[in-house]
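K.L.:
Provided below are the primary sequence and the corresponding predicted coordinates.
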Amino acid sequence: MRIIVTDNYGEMSQAAARTVARQILAKQDSVLGLPTGNTPIGMYGQLIKLCSHGLISFSKVVTFNLDEYRGLSSDHPGSFYQYMRENLFDQVDIREENIHILDGIAPDTEGECRQYEEEIRRHGGIDLQVLGIGLNGHIGFNEPGSNWGSKTRLVNLSAETRRRESRNFRDPGEIPTQAITMGIRTIMRAKRILLLASGQEKAPAAKQALRGPVTEKAPASVLQLHPAVTVILDKEASSLIKPEDIHELSTMGRSD
Ligand code: PGA
């Protein structure tokens, strides 16, 4: 596990975008696993910039999103589908048929989950999976206690997660109680993983994930077992991690 610390959110986003860009440049038809949430918004902005400058192209890239709220259709403004359209897909040259996001209103949820796993397999697996981390250490919507053997499935959202998700909904009655998420096993099968965290509030979760015991109580701690993980934290998120555990201090300047 390689831990990189940047000065601030902007630099974390740039470093993350460069990692994704290198992946795409090395393999044009890369299969990317993508997260939603506040954390990756800056990274997506940087990727849009790199694409508009012609440095990278998404024309052959295939994407699989980590999760989607159960009960929200893809045209619901709070859906992760809409988030992805707004924050990335509408602004890069990705092909519609290469975008995969779980259908929050699929009548046969189990079938939807099975098919998602099958599609990932059919595309040769995920080359690079980007992840954020929840305050409670979740990855995707794999809440504490998620089984390490878990595949894509329907899950209940914890009270803490629902409180946090409330920022995406005007009416509290609309906050979903369930989601469909890639499982821990699905995530761990990715060839490479990039974990991002920003801000003081993520410092305890980051410490627990990177240096705490490897336990199902802290879902992100499973990443300690993966052979190819890069972690990019900003200074605040890294504040509880010992300096000797940090492999690279990145100071990039603010030019872009
Ligand atoms: P955030 O969410 O990026 O909005 O903090 C991360 C997560 O819950 O996985």
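P.N.:
Cool, got the structure. Please read all numbers here as calculations on a predicted model, not as lab measurements.

K.L.:
list the helices and strands the one helix or strand residue 231 maps to packs on?
P.N.:
Per DSSP states H and E, residue 231 falls inside strand 229-234. Other elements packing on strand 229-234 under the criterion 3 or more C-beta pairs under 8 Å, 6 or more residues apart in numbering; DSSP states H and E are strand 2-6, helix 9-26, strand 192-197, helix 203-211. Every residue, glycine included, has its C-beta placed from N, CA and C.

K.L.:
which is the next helix or strand following that strand?
P.N.:
The C-terminal neighbour of strand 229-234 among helices and strands, as given by DSSP H and E, is strand 248-250.

K.L.:
ok, the residue nearest to residue 16 when sequence neighbours are not counted - contacts?
P.N.:
Distance criterion C-beta to C-beta, 6 or more residues apart in numbering; nearest residue to residue 16, sequence neighbours excluded, is residue 43 at 4.1 Å. Going by C-beta atoms under 8 Å, 6 or more residues apart in numbering, residue 43 touches 12-13, 16-17, 20, 130, 196.

K.L.:
quick one: pLDDT of residue 43?
P.N.:
At residue 43, the pLDDT value in this model is 98.

K.L.:
Is it located within a strand, as I assumed?
P.N.:
No - assignment of residue 43 by DSSP: H, G, I helix; E, B strand; the rest coil gives helix, placing it outside any strand.

K.L.:
separation between it and the ligand?
P.N.:
11 Å (C-beta to the nearest ligand atom, to the nearest Å).

K.L.:
ditto for residue 16
P.N.:
According to C-beta to the nearest ligand atom, residue 16 and the ligand sit 12 Å apart.

K.L.:
Just confirm that residue contacts residue 132, I think it does.
P.N.:
No - assessed by C-beta atoms under 8 Å, residue 16 is found out of contact with residue 132, at 10.4 Å.

K.L.:
Touching both of those two, which residues are there?
P.N.:
Shared between the contact lists of residue 16 and residue 132 (criterion: C-beta under 8 Å, 6+ apart) are residues 40, 196.

K.L.:
quick one: which of those two has more around it?
P.N.:
residue 16 (26 against 21; other C-beta atoms under 10 Å).

K.L.:
is it true that residue 33 touches residue 132?
P.N.:
No - applying C-beta under 8 Å, one finds residue 33 not in contact with residue 132, separated by 11.8 Å.

K.L.:
Tell me which residues touch the nearest residue to residue 236 once chain neighbours are set aside, please.
P.N.:
Distances taken as C-beta to C-beta, 6+ apart place residue 200 nearest to residue 236, at 4.4 Å, with adjacent residues excluded. By C-beta under 8 Å, 6+ apart, the contact list for residue 200 reads 236-237, 239.

K.L.:
got TSV for these, with neighbour count and distance to the ligand too?
P.N.:
Formatted as TSV, those follow (neighbours: other C-beta atoms under 10 Å; distance: C-beta to the nearest ligand atom, whole Å):
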residue	neighbour count	distance to the ligand
236	20	13
237	28	10
239	16	16
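
K.L.:
From the residues you listed, pick the one nearest residue 68.
P.N.:
Here the nearest of the contacts of residue 200 to residue 68, counting by C-beta to C-beta, is residue 237; it sits at 25.6 Å.

K.L.:
Distance from the worst-scoring helix or strand of the chain on mean pLDDT to the middle of the chain?
P.N.:
Using mean pLDDT, DSSP states H and E, the weakest-scoring helix or strand in the chain turns out to be strand 248-250, at a mean of 80. Offset of strand 248-250 from its chain centre (C-alpha atoms, centre = their mean, to the nearest Å): 22 Å.
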